[in-house]
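Enquirer: quick check, what structure comes out for this input:
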Amino acid sequence: MKETNGLVEQHIHGAFGTDFMVSKVDEIIDCTKKLALFGVGAIFPTVMTDNIDKIKERIEVIKEAQQKQDKYCAKIIGIHLEGPFINPEKSGIHEKKYILPLDINIFKKIEDDIIKIVTLAPELDFSGEFINYLKFKNIKISAGHCMGYDLKNINQVTHLYNAMAAFTHRGNSTVVTSLANDNIFTEIIADSLHVYDDVLKITFKQKPVNKVLLISDALPLAHSEKKEQIFAGQIIYNNNGKLTNKDGVFAGSSMLLCDIVKNIVDKNILKFEDAIQCASSNQLNYHNIKNNLKIFWNNDNTINNIVFTD
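Expert: Residues are numbered from 1 along each chain as shown. Predicted coordinates for the structure are as follows:
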């Protein structure tokens, strides 16, 4: 049996039918308790592109849930704000009507200390003032749902390869810059659906292991008996684990982080120790947070037991 620290979900929209964009405080707390049973020690609930009033309301609900959590929950560390400051050309399932320009005055309408990560399109910050403001506020800045490749002043990249300009051998792109720059942390959804297995292998060979952040990008349908659910203003369907809208556009994942660890270890894409580093240690160091959960893993890379240490 193998012992590790708890996993850190820094990009997650919900699970077990709970949607962080609509669920009540008690439902969010219940979700974090269930996540802990799947080895998650800490989470950054991800707030999507929506109207400003809805985003403000979600921030307050998540803050209240954070304050009411007990030791048996996956601890809410902060919010990952994915949008609305993204590029409409790479919106994915984000509703285009709510996408907003990178304007400091707009951000101030929702600004809160609980916001720890902001995914944005850096090419749309024409003056550089927006990104500089977030840096001043000690917010992690992530390039995602974007076209541009200038990652100056960027901490990380959101779900590499997905919702961004593709890799090209004849020029630069967000993908190329992320792979070439060892200073940039790189989120990746290693569920073998969002990113092809051989591409995962290439990525893990190229990026230093301490710069990879495994994420689930789990949707409310993850570990739910539902086959479809409204998310981001549209119906998302679960087709044998692949979550898409009616047009076949990829949404998030049906896996949680423990499933992703098992997936890439079972397929010999990463060694167990490296997978755990990318799913736990890197995030703990990156965000300078403590872990209060221990996981005991079976030899088949499933979770045998968890222990709360605080």
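
Enquirer: which parts of the stretch 201-310 of the chain are helices?
Expert: With helices called from DSSP state H, counting those that start in this stretch, the stretch 201-310 of the chain shows them at 257-266, 272-276, 282-287.

Enquirer: what does the longest one contact?
Expert: Pointing back at helix 257-266 there. Outside helix 257-266, the residues that touch it by Cβ atoms under 8 Å, 6 or more residues apart in numbering are 7-9, 38-40, 189-192, 200, 214-216, 253, 255, 269-272, 275-276, 279, 300-303. C-betas here are computed from N, CA, C, even on glycine.

Enquirer: quick one: what helix or strand has residue 200 in it?
Expert: Per DSSP states H and E: residue 200 is located in helix 197-206.

Enquirer: the longest helix in the chain is where?
Expert: helix 52-68 (DSSP state H).

Enquirer: who are the packing partners of that one?
Expert: helix 25-37, strand 40-48, strand 75-76, strand 79-82 (3 or more Cβ pairs under 8 Å, 6 or more residues apart in numbering; DSSP states H and E).

Enquirer: just name the most buried of the helices of the stretch 201-310 of the chain.
Expert: Highest mean neighbour count among the helices of the stretch 201-310 of the chain (mean count of other Cβ atoms under 10 Å): helix 257-266, with a mean of 22.

Enquirer: angle of it against helix 197-206?
Expert: Put simply, helix 257-266 runs at 90 degrees to helix 197-206, going by axes from the mean of the first three to the mean of the last three Cα atoms, to 10 degrees.

Enquirer: hang on, the earlier thing: out of the helices of the stretch 201-310 of the chain, nearest to residue 111?
Expert: Residue 111 lies closest to helix 282-287 among the helices of the stretch 201-310 of the chain, at 19.1 Å (Cβ to Cβ).

Enquirer: what's next to the closest one, contact-wise?
Expert: In contact with helix 282-287 (Cβ under 8 Å, 6+ apart) are residues 5, 8, 10, 42, 77-78, 116, 140, 185, 210-213, 289-291.

Enquirer: so where is the stretch 51-200 of the chain shaky, pLDDT-wise?
Expert: Of all residues in the stretch 51-200 of the chain, none has pLDDT under 70.

Enquirer: which among the helices and strands packed on helix 52-68 is found nearest to residue 153?
Expert: Closest to residue 153 of the helices and strands packed on helix 52-68, according to Cβ to Cβ: strand 79-82, at 17.0 Å.

Enquirer: can you dump the C-alpha atoms of the helix or strand just after the closest one in PDB for me?
Expert: Where DSSP H and E defines the elements, the next helix or strand beyond strand 79-82 is helix 104-108. Taking Å, rounded to 0.1, in the frame of the first residue of the first chain, the C-alpha atoms of helix 104-108 are listed here in PDB:
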ATOM      1  CA  ILE A 104      -9.900  46.700 -14.600                       C
ATOM      2  CA  ASN A 105     -13.100  48.600 -13.800                       C
ATOM      3  CA  ILE A 106     -15.100  45.500 -14.700                       C
ATOM      4  CA  PHE A 107     -12.900  43.200 -12.700                       C
ATOM      5  CA  LYS A 108     -13.300  45.500  -9.700                       C
END
